[in-house]
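>>> Return a 3D structure for these sequence lines:
(one chain, ligands or ions: 1)
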Amino acid sequence: MEDPADLLGPNLADSKFTRAVSAFKFGSTFKTTKRARFPLTIKALQDIDLASDAVVLDVGASDGVASLDAINSLRYSDYFVTDLNTKVGHIFHAEKHYFYDSNNHCILISSPRFIWYNELSSAVWPFTKLTNNTFTSAPDCQQTTCRYVSLFNPELTKNPNVTVQNHNLFEPWYGPKPNLIIAANILNRSYFSDIELNNAIDQLIQNLAGDGYIAIVDSRETERSSIFAVTTKKIELIKSINGGAETQSLVLSRQQN
Ligand SMILES: C[S@@+](CC[C@H](N)C(=O)[O-])C[C@H]1O[C@@H](n2cnc3c(N)ncnc32)[C@H](O)[C@@H]1O
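Next up is the predicted model:
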């Protein structure tokens, strides 16, 4: 696994930045991502007739490199790359790197030889005690002691039509109404229950500008995805790749609501 402390280096090569970001886990979700992660979906999205003034909202995008294919090949005027976990606090202390979430909780510690996740439930004896001790002795992360590091890839800032933004996909989107929403490798049952997935899907539908498209991708292994055309009256599955995303039937069931 990549050392998350690589995030802190100057002039970081973009691929190294992505590998460092991918090591982070916030709550139940990893920031794992990579380039060219869902090429079949991008090709299918190119067949959709997006207007040149279209708005694209990409949710759960991690550092944004998986969005680059869509950014470089679709038509739009504004592309929003968003994620819930967009920065980490950092303190270097006693030969260890301590990383903190937005609530200033220590979520990860790294040294040249080890990476510790703050997950007592998955630790086994004698590492339970060791993990517990390591995290309880973490220094406090405060404005004056913590350095905050953006988890968006610097490469995204090169395109003036791309905006990176913090956004929780369970909450309403207050930016320009999107014509296309992309949710890749986030809406799946290893992260969320079906009740949570239904809530997330309902929110995506409400966020669309009346008529629009939703693309849901699962490409942790084989690329599977579902693209839906959504109107106020119905949700239509217009493309299903390799059997479709895990949530395909959940999305289609929302049209009765
Ligand atoms: C596995 S990564 C997928 C990244 C990228 N879409 C891809 O396909 O490579 C999942 C991302 O979802 C983010 N995430 C988790 N919960 C979220 C939420 N409620 N709202 C928005 N993003 C969330 C995580 O921070 C993480 O960056």
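>>> List the contacts of L204.
V59, L169, I181, A183, I214 (CB atoms under 8 Å, 6 or more residues apart in numbering). Just so you know, the C-beta spots here come from the backbone N, C-alpha and C atoms, and that holds for glycine as well.
>>> N199 too?
By CB under 8 Å, 6+ apart, the neighbours of N199 are F170.
>>> Tell me which helix or strand it sits in.
helix 194-207 (DSSP states H and E).
>>> right, is that helix up against the ligand?
No. If you take CB under 6 Å from any ligand atom as the test, helix 194-207 misses the ligand, and the best it gets is 7.5 Å.
>>> Also stretch 101-121?
No. Under the criterion of CB under 6 Å from any ligand atom, the ligand is not reached by stretch 101-121; the shortest gap measures 10.1 Å.
>>> How about R75: what's its closest non-neighbour residue?
L50 (4.7 Å; CB to CB, 6 or more residues apart in numbering).
>>> Doesn't the one you found belong to a strand?
No. Checked against DSSP: H, G, I helix; E, B strand; the rest coil, L50 lies outside a strand; its state is coil.
>>> Give the rounded mean pLDDT of stretch 147-164.
If you average the pLDDT over stretch 147-164, you get 94.
>>> let's number from 53 now, not from 1
Done: numbering now begins at 53, and the last item shifts to stretch 199-216.
>>> List the neighbours of stretch 218-227 that are in contact with it.
Against stretch 218-227 from outside (CB under 8 Å, 6+ apart): 107, 109, 111-112, 132, 134-136, 138, 215, 217, 235, 238, 248, 251-252, 255-256, 258-259.
>>> Could you give me the buried positions within that stretch?
H219, L221, W225 (16 or more other CB atoms under 10 Å).
>>> Dump it to PDB, keeping only the CA atoms.
In PDB, the C-alpha atoms belonging to stretch 218-227 read as follows (Å, rounded to 0.1, in the frame of the first residue of the first chain):
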ATOM      1  CA  ASN A 218     -17.300  19.400  -0.700                       C
ATOM      2  CA  HIS A 219     -20.700  17.700  -1.100                       C
ATOM      3  CA  ASN A 220     -22.600  15.000   0.800                       C
ATOM      4  CA  LEU A 221     -24.500  13.000  -1.700                       C
ATOM      5  CA  PHE A 222     -27.300  12.400   0.900                       C
ATOM      6  CA  GLU A 223     -28.000  16.100   1.000                       C
ATOM      7  CA  PRO A 224     -29.500  18.500  -1.600                       C
ATOM      8  CA  TRP A 225     -27.200  20.000  -4.200                       C
ATOM      9  CA  TYR A 226     -27.400  23.900  -4.100                       C
ATOM     10  CA  GLY A 227     -25.200  24.500  -7.100                       C
END
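>>> Least confident secondary structure element in this structure?
One helix or strand of the chain scores below all others by mean pLDDT, DSSP states H and E: helix 179-188, with a mean of 73.
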